[in-house]
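1. Mind looking at a prediction? Sequence and model below.
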Amino acid sequence: MTRDEDNGFSEWGGYFEAKKSKLEEQFAAASDPFRKSDLFEGISIFVNGRTDPSADELKRIMMVHGGTFHHYERSHTTYIIASVLPDVKVRNMNLSKFISAKWVVDCLEKKKIVDYKPYLLYTNQKTSQPRLMFGKPKDNDANDSKSDVEPPKDKAEMEVDSTNDETQMELGGILKHLHQAVATSPEKEDSASESKITNLSTTSNNSTTARTAADPNFLSEFYKNSRLHHIATLGTGFKQYVCRLRQKHGTQGFPNRETLKYLANSQQNGLARYVMHIDMDCFFVSVGLRARPELRGLPIAVTHSKGGNAATDVPVHPQADRKAELELFAQRFEHHFHDGDKAEKVRSGFDKKMSLSEIASCSYEAREKGIRNGMFVGQALKLCPELKTIPYDFEGYKEVAFTLYDTVAQYTLNIEAFLLDSKNDILAYLAPMSLDLLPGVGSSMSHKLKQAGLNNCGDVQKTTLWRLERVLGKKLGQNLFQNCRGIDDRPLAYEQARKTVSAEMNFGIRFTNSAECEQFLCQLSDEVTKRLVEIKRKARSVNLKIMVRAAEAPVETSKYMGHGVCDTINKSSLIKHATDDVNVITTVVLNLMREADIPPHELRGIGIHLTRLEDASAVRKENIIKQMFGKMSEMKKDKPIPQEAVGGIAVSGAVGDDKVKKPSMFENKPKPREPRNVFSMLTAAAVSRKSVTEDRSQRGTAKPITRPLSLVPKLDEDVLAQLPEDIRLEVIANKEEHLCIAEYDGNRSPQYPALQSPPLLNPSDSTNLSPLKATDLKPSTSRAAVARLQKRKERKEQEHYIRSDHIVADYIEDMPDFVHPHILKLISHPVTEVPEVPELLMGDKYKDLLNTWVSREEAPSPNDVDLFVKQVSRMIRNDQLDHMCDVMKYLCRIINMKRSCSCCWHMAYKHIEEFIQEQMLTIEGYNLLFIEYIRCRKCS
DNA sequence: ATCCTCCCCTAC
DNA sequence: TAAGGTAGGGGAGGAT
């Protein structure tokens, strides 16, 4: 259940601070000495992509004429200026905000705000826009909204009424209202009429409301009302939101950070780092109280229950038996009773006819009475009969959290919670602290530690690492050992690629027959697949989690539509190819359920978890292997590939151009091998390669790509043996073409395999060969295999050859970078004769080397930077992230220390860092946050 | 030794 | 009446 803290929002800062920043923003605009007019007062724009006039020019116009320019789209951005529509699917954008830059120009020319509607990029809109409703009764706008679209509350606040064509909207004025509306609450008007009622919780009073999962509307109904669902999705959603802000942000500065720096500089040197900790206390309650100031200072709880008398005498299902369920629950979860709140819930929560609705968030005044988040309302009312309950406001939570993130983003995009480094008294400071205050320590772990005689951080500080590892396991022990000393040196990671996707419902599951159950499974499969597609991934493993009524449990639960005491069953299935096809997933899910063979009426909870996720485009590439084999058969009919084509067509997209031939620090070391090469053989591959190389040049990390012939990976039976089982079997099934790949000339020199004896494809001899078994694909010395090889050798002389190695090389080149570590390994062989990048930076010697490098060179040579980049690149591939971070930290420090005025060095460092982030993102799926940074006022 | 799978625990 | 979700980390234990 929920912990005491709050619902996941305890890190999210104050709403009123956010509000203040809006005012400050307006104030800042008003006080601009260069200001020429107030034309755009109250209007803010965000420029998306390339526009005419340019973003810079638009920024200048807005500044000079009283408007606001947002460096990234914010929830209250009035208009988004763009030339083309972005991929709206990605982020559910509000299209009614996208207008052409010409609007700004025309406003300026006419010296007034002209109607923006003719400038909308997306014109296929319903006649009624979601609109701002300043207390207007709904029927006031009947003339324009015969609307079948309900104006969603959340969007309405950000929209501007544009229904009256004749009227030039006084946008500035409206926006002032808008700000006010956001600052107070969208529910103000409702609450005023209700404020006399003690308890304001409302439930869906729609009599047609779906009651169980047998109703097709139940799923969406449930998600709409589930606090836990909202907490989870808001969390993930905001992670993505911050990522987007970070991506959009690019190299722009942080508008408000300058102010902060200015303030800081007046006191000290300004190079110190600041950590802002934002704590959103009682988040749900605080948001709920925006519209109910009269309730401030009272014990308040956010819950679905109406509270009051209604919550002490709830109807109980005739087949429910609270006492029996309580006893069974207590018996089954005895070992969980180290969690005091949970124990108390069981002990006194099931009493009489008390409400079993859970409290999502409660005010300090309520906490003082012993009320906790997650507690049943009935139980809470026993502790505090005067407790007031208020309803959820999910849209409000979202809105406030957006405001918060937007506000913070004006200062930094390194938004992540972390423990402080040791600044001296940290040990003493932490010693008396309760262990469950540390991240990752919950009721279970602290209980375990208590049993080991460890009650607080001080106790753990005195314990050996070995003992902690014994008690908790290796990793958890190590973490606690560090954390209780205030140390957490893990690199901060964000933008991590998702590893699982799931959708679960353990409420309202009541089926009378399998048709109802299967219909729900289809719906849930659909839901989870949508989430999968949304994140552009595909799944290989489908897991079905089923909660089944425990044999001893009463047929109906004490909690209305709850799951009661259950047994949990997990069933999983591996899919041949990663998929995001709803039909495939649904079929698997239905099969798993049939296998589980549970009577539908005994089901109480169902969840679908998709794991072993793969990147959708990587999966596409995997399929290309098969296509490639297919193409090879077509090529039988084509002309032979002239040998000259084999030599390698260098495709360059160089950034580290060698115009400056500075001697390299590392020149006496063996030359690193060039990592890539491109061969053009298949038209299709060449086409898709184009986009890959474009990508690289955009990133600015492309290198001239040439590779000697000897580096072309060969494809042989080992490769095939290592391909994923399913693909391999398919290959076997299509033995006609693949046999040739599976076998190669055994006389090849081990030293220069590709050069001296390139693996050759002989398309014509394959047809005579017998079907292959899987074992045939392993390196074989069997007589039959030798005979076949001999036969092929004889034919080589007269046949046209197709080089499988080229095709594979081409395929590898065509793959996006991030699949290389995984798939490249499968396909290519390490080539031994070419020197590897020397491991200059491994071990401890890197410090000396970097020290010498930075001390000796006034400016770093591109070659050295390039070599350095290769070294760190390898560390990333080899999963030596900790070491890589150490190396980077050291380099940064040395540069700050010895080259504080040399922006060449600063740029070089930043270039390296950018490269690392790119590579991290593509290989690991997330970025790193480097604690150490270049402290230069000139170039930072 | 290393990987995989099935959980449990924790955070939000 | 009531809306008891979602994702990641990692330990235990078995397979290889």
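-> Cool, the structure landed. The structure displayed is predicted, hence computed values, not measured ones.

2. CA atoms for contacts and neighbours, from now on please.
-> OK.

3. Check which helix or strand A:Leu326 maps to.
-> Element membership for A:Leu326 (DSSP states H and E) is helix A:322-332.

4. Tell me which other helices or strands that helix touches.
-> The helices and strands touching helix A:322-332, judged by 3 or more CA pairs under 8 Å, 6 or more residues apart in numbering; DSSP states H and E, are helix A:340-349.

5. relative orientation of the helix it packs on and helix A:322-332 in degrees?
-> With axes from the mean of the first three to the mean of the last three CA atoms, to 10 degrees applied, the angle from helix A:340-349 to helix A:322-332 works out at 150 degrees.

6. what residues does helix A:340-349 touch?
-> The contact list for helix A:340-349, computed with CA atoms under 8 Å, 6 or more residues apart in numbering, reads A:Met1, A:Leu326, A:Phe329, A:Ala330, A:His336, A:Phe337, A:Leu356, A:Arg372, A:Met375, A:Phe376, A:Gly378, A:Gln379.

7. Show me which residues of it are buried.
-> For helix A:340-349, a neighbour-count test (16 or more other CA atoms under 10 Å) marks A:Asp341, A:Lys342, A:Ala343, A:Lys345, A:Val346, A:Ser348, A:Gly349 as buried.

8. For A:Glu527, which residues are in contact?
-> A:Ala503.

9. Quick check: the gap between A:Val242 and A:Leu58.
-> Here A:Val242 is placed at a distance of 25 Å from A:Leu58 (CA to CA, to the nearest Å).

10. Oops, could you answer that again for A:Ile390 instead?
-> 45 Å.

11. Compare neighbour counts for those two and give me the winner.
-> A:Ile390 (26 against 21; other CA atoms under 10 Å).

12. so the more buried one makes contact with A:Gly288?
-> Yes - in this structure, A:Ile390 is within contact of A:Gly288 by CA atoms under 8 Å, at 7.1 Å.

13. list the residues that contact both of those two?
-> By CA under 8 Å, 6+ apart, the residues touching both A:Ile390 and A:Gly288 are A:Val302.

14. ok, the longest helix seen in chain A near DNA strand B or not?
-> Assignment by DSSP state H gives helix A:227-249 as the longest helix of chain A. Yes - contact of helix A:227-249 with DNA strand B (CA under 7 Å from any atom of the strand) involves A:Ile231, A:Ala232, A:Gly235.

15. now these as TSV including pLDDT?
-> Shown next, in TSV, are the residues of helix A:227-249 next to DNA strand B (pLDDT from 0 to 100):
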residue	pLDDT
A:Ile231	89
A:Ala232	87
A:Gly235	77
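
16. from the residues you listed, which is closest to DNA strand C?
-> A:Ala232 (3.2 Å; CA to the nearest atom of the strand).

17. Burial check on the closest one, number of neighbours?
-> 12.

18. what's the answer for A:Leu39, then?
-> Neighbour number of A:Leu39 under other CA under 10 Å is 19.

19. now do A:Tyr241
-> A:Tyr241 has 17 nearby residues by other CA under 10 Å.

20. From DNA strand C, how far out is it?
-> Relative to DNA strand C, A:Tyr241 is positioned 15 Å away (criterion: CA to the nearest atom of the strand, to the nearest Å).

21. For that residue, give me the pLDDT.
-> For A:Tyr241, the model assigns a pLDDT of 75.

22. Repeat that for A:Pro860.
-> pLDDT at A:Pro860 comes out at 85.

23. mind listing what the residue nearest to it when sequence neighbours are not counted touches?
-> Using CA to CA, 6 or more residues apart in numbering and skipping the chain neighbours, the partner closest in space to A:Pro860 is A:Trp905 (6.3 Å). Taking CA under 8 Å, 6+ apart, we find A:Trp905 in contact with A:Ala859, A:Pro860, A:Ile895, A:Arg899.

24. What strand or helix carries A:Trp905?
-> helix A:903-923.

25. State the mean pLDDT of that helix.
-> Helix A:903-923 comes out at a mean pLDDT of 79.

26. Would you mark the buried spots in that helix?
-> Within helix A:903-923, the residues scored as buried using 16+ other CA under 10 Å are A:903, A:905-906, A:908-923.

27. ok, back up a step: just send the contacts of A:Trp905 back as a markdown table, with neighbour count too.
-> Formatted as a markdown table, these follow (neighbours: other CA atoms under 10 Å):
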| residue | neighbour count |
| --- | --- |
| A:Ala859 | 17 |
| A:Pro860 | 21 |
| A:Ile895 | 24 |
| A:Arg899 | 20 |
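
28. could you dump the residues you listed to CSV with secondary structure and distance to DNA strand B?
-> Formatted as CSV, the contacts of A:Trp905 follow (DSSP: H, G, I helix; E, B strand; the rest coil; distance: CA to the nearest atom of the strand, whole Å):
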residue, secondary structure, distance to DNA strand B
A:Ala859, coil, 41
A:Pro860, coil, 37
A:Ile895, helix, 34
A:Arg899, coil, 38
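
29. nearest to DNA strand C, of these?
-> Looking across those and measuring by CA to the nearest atom of the strand, the closest to DNA strand C is A:Ile895, at 31.2 Å.

30. quick one: the closest one and A:Thr852 touch, right?
-> No - contact status for A:Ile895 versus A:Thr852: not in contact, 11.3 Å apart, counting by CA under 8 Å.
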